[in-house]
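# Need a 3D model of the following:
(one chain, ligands or ions: 2)
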Amino acid sequence: MRALVKTKIEPGNIIFTEIPTPEPAAGQVRIKIKRSGICQTDNVYINEGGFALKPPVVLGHEIAGVIDAIGEGVTGFEIGDRVITQTTFHVCGTCRFCKRGDLNHCPERKGIGSAANGGFAEYVVNRAASVMHLPDDLTFDQGACIEPMACGVHALTERTVVNAGSVVVILGPGPIGLFAAQTAKAQGAYVIVGGTTSDKPRLDIALSLGIDRIVDVLTDDVQQIVKDATEGYGADVVVEATGNVSAVKLALDIVARRGTFIPMGIFNNDISIDFHQIKKKELTVEGSHAQIPTSWEKAMRLVQLGKINTDAIVSHVFPLSQWEEAFKTVKDRKGLKVLLDPEN
Ligand SMILES: [Zn+2]
Ligand SMILES: [Zn+2]
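Numbering: from 1, shown residues only. Ligands and ions are numbered 1, 2, ... in the order given. Sure thing, here's the model as predicted:
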């Protein structure tokens, strides 16, 4: 099969090549991939490398397709079933996190698209326990969006709970930020999404999705806007979904006393912030890392209920063979969610 393989941890080292089509082992299924989403993480893996990588490995972890082969002992799936797969490829099954369903913290966890072969290929195998049926009323495009959506759902329904009428600020209007914003909206919050001047098209999409207010963090007085929306108190919840230090600083400035700060962006290096604000404001800091199985179930349900829209967020579908152009589209931020079609 054709696959996009990261051959070494170091920057670059990515080849589009033929590799053997994988066979599902006991407990696994093989998926013929219909759509595979490009995540900002994939760009980081290609351009900077990453400690989670176990090369050579096929990148890609946002996958929708159909069951194409079934390993020994698997029940509940038939050839031709429309499915998506969660990213967990292996967990120990016995640690305290596995027992609680917090698979994202299992010390033995391996994920597809980093430590095990992922979705930028014609086929992927994964453990059947990670695979979920894609309801008939959901498209493969929507299916491929469940992973980034589940990140926002985890942050805003599992790490913290958004109260109806509260004010939630999402910094970063990328796909994850816009899914998180819709998740907060679905829970009855007043939602403000912030981005930079170059994010204007993305902020306009936020408005089209029913987000209450957009702000340009470079030109607007964000602190004043948040004060005006909260009788001067500040935002109840602030989500940082950019990976920029300035966004963390802004988050700590605009979050209310006794409020909640949720870091979601990725920082590979130490950063400098005014740590005293956490103490002085008595903030709750709820880190949010990837997702857990329940986040996926909720995300899928929110799409079915019409609470989360993906149509405005999927900007491009490229044939897998045009992966270079697809990645450039993501890197140049011309697209929002860019999907690959491995059948072409
Ligand atoms: Zn992702
Ligand atoms: Zn475990």
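# correct me, but Gly76 touches Met132?
No. Between Gly76 and Met132 there is no contact under C-beta atoms under 8 Å: 10.3 Å. Backbone N, C-alpha and C define where each C-beta goes, glycine included.
# Between the two, tell me which one has more neighbours.
For Gly76 versus Met132, neighbours defined as other C-beta atoms under 10 Å are more numerous around Met132 (16 against 11).
# what bridges to that one?
Ile84 (DSSP bridges).
# In three-state terms, label the residue of the stretch 201-344 of the chain found nearest ligand 1 for me.
Here the stretch 201-344 of the chain gets closest to ligand 1 at one residue, Ala290, 8.4 Å apart by C-beta to the ion. For Ala290, the secondary structure call by DSSP: H, G, I helix; E, B strand; the rest coil comes out as coil.
# wouldn't it be in contact with His154 here?
Yes. At 7.2 Å, Ala290 and His154 qualify as touching, with contact defined as C-beta under 8 Å.
# domains of the protein?
Domains of the chain are assigned by automatic domain parsing as 2-145+313-341, 150-285.
# What's the local residue count around Glu343?
For Glu343, the neighbour count with other C-beta under 10 Å is 12.
# now do Ala164
Ala164 has 8 nearby residues by other C-beta under 10 Å.
# For it, list the residues it contacts.
Residues in contact with Ala164 (C-beta atoms under 8 Å, 6 or more residues apart in numbering) are 187-189.
# Check for me that it belongs to a helix.
No. Counting by three-state DSSP, Ala164 is not found in a helix; it is coil.
# okay, it: pLDDT?
We note a pLDDT of 97 for Ala164 in this prediction.
# ok, now how distant is it from Asp136?
Per C-beta to C-beta, to the nearest Å, Ala164 is found 31 Å from Asp136.
# Give the closest residue to the closest residue to ligand 1 within the stretch 1-150 of the chain in space, chain neighbours not counted.
Taking C-beta to the ion, ligand 1 has its nearest neighbour within the stretch 1-150 of the chain at Cys39, 3.1 Å off. Leaving out its chain neighbours, the residue that sits closest to Cys39 by C-beta to C-beta, 6 or more residues apart in numbering is Glu62, at 6.0 Å.
# Leu207: how many residues sit nearby?
Leu207 has 12 neighbours, counted by other C-beta under 10 Å.
# err, Gly73, not the other one
A count of nearby residues for Gly73, using other C-beta under 10 Å, gives 10.
# now the strands: where do they sit in the stretch 101-250 of the chain?
With DSSP state E, counting those that start in this stretch as the criterion, the stretch 101-250 of the chain has strands at 110-111, 123-127, 131-133, 167-171, 190-195, 213-216, 235-240.
# For the ones you listed, give me CSV that also has distance to ligand 1 and mean pLDDT.
CSV is the format used below for those (distance: least, C-beta to the ion, whole Å; pLDDT from 0 to 100):
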stretch, distance to ligand 1, mean pLDDT
strand 110-111, 10, 97
strand 123-127, 15, 98
strand 131-133, 16, 98
strand 167-171, 17, 98
strand 190-195, 19, 98
strand 213-216, 24, 98
strand 235-240, 16, 98
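# Quick check: Ser114 touching Gly50?
Yes. Contact criterion C-beta under 8 Å: Ser114 and Gly50 qualify, at 7.1 Å.
# Can you give me the distance of Ile84 to Ile112?
As for Ile84, its distance to Ile112 is 12 Å (criterion: C-beta to C-beta).
# okay, and the common contacts of these two?
Joint contacts of Ile84 and Ile112 (C-beta under 8 Å, 6+ apart) are Ile63.
# Not counting its neighbours along the chain, what's nearest the residue of the stretch 201-344 of the chain closest to ligand 1?
Here the residue nearest Ala290, using C-beta to C-beta, 6+ apart, is Asn104, at 4.7 Å.
# what's the answer for Val217, then?
Using C-beta to C-beta, 6+ apart, the nearest residue to Val217 is Gly194, at 4.8 Å.
# Beta-bridge partners for the one you found, please?
On the basis of DSSP bridges, Gly194 is bridged to Leu171, Val215.
# before we move on, what about Leu4?
For Leu4, the beta-bridge partners are Phe16 (DSSP bridges).
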